[in-house]
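Colleague: what's the 3D shape of this:
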Amino acid sequence: MAVKIRLQRHGKKNFAFFHIVVADSRAPRDGRFIEKLGSYNPNTNPATIVLDSEKALKWLNVGAQPTLTASRILSYEGVLLRKHLQGGVAKGALTQAQADEKFAAWKAQKDEKVAAKKAGLKNEAIAKAKAAKEAEAKVNEARAEAIAKKKAEAEEAARKAAEEAAAAAAEAVEPAAE
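Modeller: Take a look at the predicted model:
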């Protein structure tokens, strides 16, 4: 039986998330599976990956073949690196302590990169919100100026109309007095 590590689609249209599963290659994509290894949600930024790396490593060691996307996820999480380092330990190229040290260093560097990306995204969102607030303040200020200008023009027109009415009333009174 050919065993694959692959993604199983869930969620709704245009908002999918995936379960990472071990399944027989003949089973349908969303059908029967042998074991669930984790989940992958590409809708978040950065994508959320929850993976039981011990189970994934166990399945890789017994011959399960990951699909292209699944292998990228396994690589991102360091499972393929651990498999590679375990191969080096088995051949005697390095000790288990050295392999664990290399993996820990890689994991620390990876975690630092992800944290930097999250911080960058947060700062970018704050900057966008600040720029939007400033733009809104400018629009509100321009709108207030336009309203004040219209109000001043209306008051000026009302004052002129009152003066003209007073002048017309004064003219009407003068000829009657003669």
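
Colleague: Quick check: next helix or strand after whichever strand or helix holds H84?
Modeller: Using DSSP states H and E, H84 maps to helix 79-91. Sequence order places helix 96-177 as the next helix or strand after helix 79-91, per DSSP H and E.

Colleague: ok, and the helix or strand in this protein with the lowest average confidence?
Modeller: helix 96-177 (a mean of 89; mean pLDDT, DSSP states H and E).

Colleague: what angle do it and helix 79-91 make?
Modeller: 170 degrees (axes from the mean of the first three to the mean of the last three CA atoms, to 10 degrees).

Colleague: and helix 96-177, what does it pack onto?
Modeller: With contacts taken as 3 or more CB pairs under 8 Å, 6 or more residues apart in numbering; DSSP states H and E, helix 96-177 sits against helix 79-91. From N, CA and C alone the C-beta is placed, and that goes for glycine too.

Colleague: For the one residue sitting closest to the centre of the chain, give me its contacts.
Modeller: Taking CA atoms, centre = their mean, the centroid of the chain lies closest to N45, which sits 3.2 Å from it. Contacts for N45 (CB atoms under 8 Å, 6 or more residues apart in numbering) come out as L121.

Colleague: quick one: secondary structure of it?
Modeller: At N45 the chain is in coil, as set by DSSP: H, G, I helix; E, B strand; the rest coil.

Colleague: do you know how far it is from H84?
Modeller: 29 Å (CB to CB, to the nearest Å).

Colleague: what does G120 give?
Modeller: Counting by CB to CB - G120 and H84 are separated by 30 Å.

Colleague: which of these two has more neighbours?
Modeller: Neighbours were counted for G120 and for H84 using other CB atoms under 10 Å; H84 has more, 13 against 10.

Colleague: per-residue pLDDT, that one?
Modeller: At H84, the pLDDT value in this model is 92.

Colleague: still on that earlier bit, any idea of the pLDDT on the residue nearest to the centre of the chain?
Modeller: With respect to pLDDT, N45 has a value of 84.

Colleague: next one: phi and psi at it?
Modeller: phi -130, psi 110 (degrees, to the nearest 10).
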